[in-house]
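Engineer: fold the following, please.
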Amino acid sequence: MRYLLYLPLLLLCTLGVQAQSKFNISGTITDQSNNETLSGVTLYLQELQDGTMTNEYGYYTLSVPAGKYTLLVQYPGYATFSETITVNGNIKKNISISDSNTSLSEVIIEANSKRIAIDRPEMSVNKLTAEEIKKMPVVLGEPDLLKSILQLPGVVNSGEGSSGFNVRGGASDQNLILLDEATIYNSSHLYGFFSVFNSDAIKDMKLYKGGIPARFGGRGSSILEIQQKNGNSKDFAFSGGIGLLSSRLLAEGPIVKDKSSFIIAGRSSYAHLFLKLADNDNTAYFYDLNAKFNYNINDNNKVYLSGYFGRDVFKFNSIFKNNYGNTLVNFRWNHLFNDQLFSNATLIYSDYYYGLNLSFVGFNWDSGIVNYNFKYDFQHYINSGLSLKYGFNGIYYDFNPGVITPDSENSGINYYKIAHKYAVEPAVYVEAEQRLSKKINVNYGFRYSTFFRLGSETINTYDNNQAVAYDPLTETYTKGTPTGSQTFGKGDKISDFGYIEPRLAVTYVLDEDQSFKGSYNRMAQYIHLISNTTSATPLDVWTPSGPFIKPQIVDQVALGYFRNFNNDNYSLEAETYYKKGKNRLDYIDGADLIGNSAIEQVLLNGITRSYGLELLFRKNKGRWNGWVAYTLSKAEQKTAGRTPLEKGINYGAWYNTAQDRTHDISVVANYELNAKWQLNGNFIVQSGRPATFPDGQYQYYDQTIPSYDLRNQDRLPTYHHLDVSATYTPQKTNKRWQAEWVFGIYNIYNRKNAASINFRENEDVKGQNEAARLSIFGIIPSVSYNFKF
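Structural biologist: Next comes the predicted model:
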């Protein structure tokens with residue numbers, strides 16, 4: 001770790017040698033219409049057949065010998081910029097490029113061109129443009145970023161109507177979701193009907209499924225990186241949409257023209273208003289607010305302040321009320337030390353709150369998680385063949401497992417509080433992207449992460465340090481009985497962990513249109529989601545690693561073949577992966593998870609493995625475009641007995657996890673009928689989610705009770721639906737006003753997909769059990785009106 005401190009000095013020495021023969025071309029790439037910085041723009045020097053890409057803040061550096069060059073700037077959906085430049089010294093060159101697409105759906109560009117995609121050491125990464133997201137038909141007609149990524153290979157839904165998602169067999173809590181670098185702990189509105197992301201306010205989206213760079217950590221499965229727009233610093237602009245159940249409005253403009261800007265976006269649902277008109281006392285609605293401000297102090301310093309606030313409110317008559325949501329605040333400072341050294345300092349506050357009132361019982365329940373995060377990241381451009389990223393961050397956690405308070409003086413409930421849990425997670429990292437030859441490019445590095453569980457807290461102690469007991473007569477696990485307790489004062493260390501997480505990605509270029517790639521990454525995850533459902537719900541509780549809960553460690557290897565066809569009109573991505581993990585939580589039968597102050601008494605540690613093949617074939621150009629994605633995969637878990645006498649879960653054998661889907665096929669098609677009409681459709685079919693069905697029954701007095709055998713040896717029926725939409729863009733009657741109508745039908749053939757299957761005794765035939773299928777969505781038509789001016 002101490003060697004990291006000497007790295008900047010070593011790099012400065014290297015730069016001194018490089019500067020003798022090369023000069024730097026550096027600057028920022030922006031959108032000509034609004035000064036929005038553009039990430040992933042390709043800059044290419046024809047004479048050198050070499051190039052680079054802008055970082056997430058639109059900054060770039062090229063290191064070249066003296067000479068005369070043709071500079072090409074390419075960004076799909078934008079006009080290609082070309083200029084001849086003469087280099088005989090360092091050049092500062094900011095470039096604005098014009099958007100060639102004038103439709104209402106703004107194009108947020110993929111972060112690489114086809115040329116860079118082939119030779120860059122980056123794989124298992126997917127991006128979707130805002131245009132693609134807005135075209136996809138979704139339930140209730142609201143553009144949804146999270147539901148859109150379900151059309152990509154290796155990504156499946158956590159359940160019907162859920163905004164949760166699973167990546168390559170991982171659980172939903174193994175996905176790190178970042179909005180402007182701040183962690184989102186619950187990504188859904190209305191229990192999964194909508195996601196928390198307002199598509200109008202989103203600038204970039206990138207999903208890492210494997211080959212995860214060293215700068216990311218904290219989760220075992222994937223990273224979903226989302227950036228909000230900065231706002232128009234040239235002119236004031238407004239956009240929005242009106243739908244059947246929700247509406248949204250966005251305003252942006254300059255604070256100081258060409259120097260500072262703002263963006264504010266609000267969204268709300270109003271289905272509860274129709275309930276009141278129908279004399280229905282129930283309530284269900286959400287609202288959220290995105291805001292961002294930025295200021296260019298000078299050419300070397302920029303600051304950003306962004307935030308998000310969202311709330312969901314449910315009320316069932318006067319007996320049940322539920323509200324929950326995320327709050328984020330993020331301050332960032334970009335500083336340019338010189339043409340080759342870029343830094344970003346970030347201070348983040350993230351809060352997830354869950355509140356529940358059960359008036360028929362007489363209590364309020366409050367829980368949540370708060371974290372404070374400081375990050376300092378550096379990007380060092382050594383030369384055209386080598387760049388480095390390094391930095392550190394520290395996260396402080398405050399976990400609130402739950403507080404119960406009486407809701408009135410007449411309530412029979414007593415005050416009850418589960419002790420807060422505290423932890424700190426520091427980490428340092430370094431990664432390098434290097435061209436070893438014309439055919440071989442690598443990205444390599446490591447992350448060293450640590451985790452400290454802190455007091456104040458009282459921890460139970462158990463015989464043999466085993467919080468779960470085993471009864472050999474009944475072959476069942478039960479709660480252990482504490483033998484005592486140990487009290488830790490405020491700030492005292494309860495437990496500590498530390499892991500080195502190596503990362504490696506390699507590209508071997510066959511020619512300019514095809515390459516092989518491989519990657520390896522290790523991820524350490526120190527916080528866990530305690531849940532009794534297959535998909536994330538607001539009631540789930542996050543808990544830290546500690547004396548009885550160990551960090552999850554996940555290793556993944558991936559290999560792939562990538563090719564562009566027919567002048568980039570078509571592309572093919574084929575990847576295979578193998579992933580294994582340890583210390584994945586499992587639960588004893590009958591575990592009570594919510595409001596449990598000794599949660600370690602119902603938890604067991606297991607190991608996981610998943611492997612699969614992913615294919616993605618795209619048609620990139622023409623009136624017809626879209627893609628076909630197919631995934632063949634397996635996801636399993638094994639929770640063996642701790643001693644030879646214990647049977648474990650499923651007798652210690654491998655069993656399907658809730659995230660296992662053998663087959664998953666997605667087809668996305670877009671057709672431009674004419675200047676006014678755009679037709680879109682997507683079809684998805686996947687194997688049913690694993691489930692446990694009864695294998696027999698027995699009589700208990702006068703009731704018939706189903707009996708169960710092994711976990712997850714059955715499956716729900718195959719899941720599939722076809723969705724279509726049509727976008728009508730009227731002829732413009734005003735130069736500034738742009739509008740469109742979007743008509744959609746979700747699940748056009750009214751497939752009743754099973755969210756779950758429950759077994760119960762038949763009411764008419766005594767002694768006979770029956771299966772009852774719960775389906776959430778049938779056919780759902782939608783219409784929305786979108787505008788921009």
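
Engineer: any idea of the mean pLDDT in the helix or strand hosting G402?
Structural biologist: Counting by DSSP states H and E, the element that carries G402 is strand 386-406. Throughout strand 386-406, pLDDT has a mean value of 93.

Engineer: and what of stretch 540-547?
Structural biologist: The average pLDDT for stretch 540-547 rounds to 90.

Engineer: before we move on, back to that, mind listing the strands the very next helix or strand once past the strand holding G402 pairs with, and their directions?
Structural biologist: Of the helices and strands lying after strand 386-406 in sequence (DSSP H and E), the nearest is strand 416-417. According to DSSP bridges, strand 416-417 forms sheet pairs with strand 386-406 (antiparallel).

Engineer: in the strand it pairs with, what counts as buried?
Structural biologist: Within strand 386-406, the residues that count as buried by 16 or more other Cβ atoms under 10 Å are 386-393, 395-397, 399-404, 406. Using the backbone N, CA and C atoms, a C-beta is placed for each residue, glycine as well.

Engineer: stretch 370-387 too?
Structural biologist: Residues of stretch 370-387 classed as buried: 370-371, 373, 375, 377-384, 386-387 (neighbour count, 16+ other Cβ under 10 Å).

Engineer: what's the closest of those residues to Q74?
Structural biologist: Set against Q74, the nearest of the buried residues of stretch 370-387 by Cβ to Cβ is S384 (17.0 Å).

Engineer: the closest one against Y60, yeah?
Structural biologist: No - judged on Cβ atoms under 8 Å, S384 makes no contact with Y60 at a distance of 11.3 Å.

Engineer: just the residues contacting stretch 241-251, thanks.
Structural biologist: Surrounding stretch 241-251, the residues in contact under the criterion Cβ atoms under 8 Å, 6 or more residues apart in numbering are 140-142, 194, 198, 200-201, 236-240, 263-271, 286, 782-787.

Engineer: report the beta-bridge partners for Y499.
Structural biologist: With DSSP bridges as the rule, Y499 is bridged to S449.

Engineer: that one touches M523, doesn't it?
Structural biologist: No - using Cβ under 8 Å as the test, Y499 is too far from M523 to be in contact (9.2 Å).

Engineer: who's more crowded, the two?
Structural biologist: Between Y499 and M523, M523 has the larger neighbour count (other Cβ atoms under 10 Å), namely 29 against 17.

Engineer: and F743, how many neighbours does it have?
Structural biologist: Neighbour tally, F743, other Cβ under 10 Å: 15.

Engineer: cool, and P644?
Structural biologist: Count around P644 with other Cβ under 10 Å applied: 6.

Engineer: with I263 instead?
Structural biologist: 24.

Engineer: same deal with L710?
Structural biologist: Applying other Cβ under 10 Å, I find that L710 has 14 neighbouring residues.

Engineer: does it sit in a helix, a strand or a coil?
Structural biologist: With DSSP: H, G, I helix; E, B strand; the rest coil as the basis, L710 sits in coil.

Engineer: then stretch 309-319 to PDB, C-alphas only?
Structural biologist: Extracted in PDB, the C-alpha atoms of stretch 309-319 (Å, rounded to 0.1, in the frame of the first residue of the first chain):
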ATOM      1  CA  PHE A 309     -34.800  13.000  -3.500                       C
ATOM      2  CA  GLY A 310     -37.600  10.500  -3.900                       C
ATOM      3  CA  ARG A 311     -40.500   9.200  -1.800                       C
ATOM      4  CA  ASP A 312     -43.200   6.500  -2.200                       C
ATOM      5  CA  VAL A 313     -46.400   6.600  -0.100                       C
ATOM      6  CA  PHE A 314     -48.800   3.800   0.300                       C
ATOM      7  CA  LYS A 315     -52.000   3.900   2.400                       C
ATOM      8  CA  PHE A 316     -54.500   1.100   2.800                       C
ATOM      9  CA  ASN A 317     -57.600   2.500   4.400                       C
ATOM     10  CA  SER A 318     -56.600   3.700   7.900                       C
ATOM     11  CA  ILE A 319     -54.900   0.500   9.000                       C
END
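
Engineer: circling back to that earlier point, name the residues contacting each of S384 and Y60.
Structural biologist: In contact with both S384 and Y60: T52, using Cβ under 8 Å, 6+ apart.

Engineer: isn't N34 up against S233?
Structural biologist: Yes - counting by Cβ under 8 Å, N34 touches S233, with 6.9 Å between them.

Engineer: where do the helices sit along the stretch 201-350 of the chain?
Structural biologist: Taking DSSP state H, counting those that start in this stretch as the test, the helices found in the stretch 201-350 of the chain are 271-277.
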